[in-house]
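Colleague: From the sequence below, what's the structure:
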Amino acid sequence: MKINWDEVINKNGGRMGVGIVVRDHNGVVVGAMCVTKSHIINPTIAEAVKAWQALALGKRLGLTNIIIEGVSLEVVSTAGW
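Modeller: Now for the predicted structure:
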């Protein structure tokens, strides 16, 4: 399974929104969600929140072999992935 996302950050309002899509090996959508969070203006923190939400969706769908794209090297290094 592959999980992709995109986000928007409103720095003035301190809010972010994330759209997450899960696709199987044929590209068929098997799950999706959107999330909004307050008090997030730092792009690295936003990236970590997106990765966490994507993995949480994968877990709720019962996925065990997940490929996530879009995670920054800083987030991966800090998380120890």
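Colleague: What values do phi and psi take at the residue nearest the centre of the chain?
Modeller: Among the residues of the chain, the one closest to the centroid is K50, at 3.0 Å (Cα atoms, centre = their mean). When quoted as degrees, to the nearest 10, the phi and psi of K50 stand at phi -60, psi -50.
Colleague: Need the residues that contact stretch 60-70.
Modeller: 1-5, 22, 30-31, 47, 50-51, 54-55, 58 (Cβ atoms under 8 Å, 6 or more residues apart in numbering). Using the backbone N, CA and C atoms, a C-beta is placed for each residue, glycine as well.
Colleague: what bridges to D6?
Modeller: Going by DSSP bridges, D6 is paired in beta bridges with G19.
Colleague: So which residues of the chain form helices?
Modeller: 43-60, 73-79 (DSSP state H).
Colleague: of all those, which has the lowest average per-residue confidence?
Modeller: Here the helices of the chain differ in mean pLDDT, and the lowest is helix 73-79 at a mean of 66.
Colleague: Narrow the contacts of stretch 60-70 to just the buried residues.
Modeller: Among those, those scoring as buried are M1, I3, W5, V22, G31, E47, K50, A51, A54, L55, G58 (criterion: 16 or more other Cβ atoms under 10 Å).
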